[in-house]
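> Below is the sequence, then the predicted model.
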Amino acid sequence: MNFHTRKWVKPEDLNPNGTLFGGSLLRWIDEEAAIYAIVQLGNQRVVTKYISEINFVSASRQGDIIELGITATEFGRTSITLTCEVRNKITRKSILTVEKMVFVNLGEDGLPAPHGRTEIKYVKDQFKDDELVTK
């Protein structure tokens with residue numbers, strides 16, 4: 001799993017206990033996972049269909065730098081399934097895990113549409129495709 005997105009836990013992200021508010025973290029995860037799905041499927045029209053059990057493993061406090069790791073685990077005909085882990089950037093201690101997140105690819109009509117993808121597409125491969133188009 002690659003950890004690309006980093007967040008700095010600020011005062012506005014805290015709950016009354018002085019730790020990271022779960023709702024803030026879930027918002028960040030949903031946004032990052034949607035971006036990941038958009039990039040993988042090549043379509044900005046994706047929606048969150050399902051998020052499995054969310055396992056809060058440890059707390060994060062103000063000033064912590066956390067990082068989100070997301071990877072594709074399965075490609076359906078109109079969907080993509082992801083897994084997620086959030087960890088402390090410095091200590092590498094796990095903060096949260098989400099075993100399964102499903103996003104659905106939509107057509108222009110707003111209905112589920114086949115995406116034709118079967119495996120993870122990496123940035124280095126995307127640039128090769130873009131170069132072929134421009135030559």
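Arrived safely. Numbers count the residues shown, from 1 in each chain.

> got a list of contacts for stretch 99-115?
Residues from elsewhere that reach stretch 99-115 (C-beta atoms under 8 Å, 6 or more residues apart in numbering): 29, 33-34, 37, 41-43, 45-53, 55, 73, 75-84. Using the backbone N, CA and C atoms, a C-beta is placed for each residue, glycine as well.

> swap the cut-off to 7 Å and go again
The contact list for stretch 99-115 (C-beta atoms under 7 Å, 6 or more residues apart in numbering) reads 33-34, 37, 41, 43, 45-53, 77-84.

> For that stretch, buried residues please.
If you call a residue buried by 16 or more other C-beta atoms under 10 Å, then stretch 99-115 has these buried ones: M101, V102, F103, V104, N105, L106, P112, A113, H115.

> picking up where we left off before, can you tell me which of the contacts of stretch 99-115 end up in strands?
V46, V47, T48, K49, Y50, I51, S79, I80, T81, L82, T83, C84 (DSSP state E).

> what's the most distant pair in the buried residues of stretch 99-115?
M101 and A113 (19.1 Å; C-beta to C-beta).

> JSON lines please, covering the buried residues of stretch 99-115 and showing pLDDT and secondary structure.
Below are those laid out as JSON lines (pLDDT from 0 to 100; DSSP: H, G, I helix; E, B strand; the rest coil):
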{"residue": "M101", "pLDDT": "98", "secondary structure": "strand"}
{"residue": "V102", "pLDDT": "98", "secondary structure": "strand"}
{"residue": "F103", "pLDDT": "98", "secondary structure": "strand"}
{"residue": "V104", "pLDDT": "98", "secondary structure": "strand"}
{"residue": "N105", "pLDDT": "98", "secondary structure": "strand"}
{"residue": "L106", "pLDDT": "98", "secondary structure": "strand"}
{"residue": "P112", "pLDDT": "98", "secondary structure": "strand"}
{"residue": "A113", "pLDDT": "97", "secondary structure": "coil"}
{"residue": "H115", "pLDDT": "97", "secondary structure": "coil"}
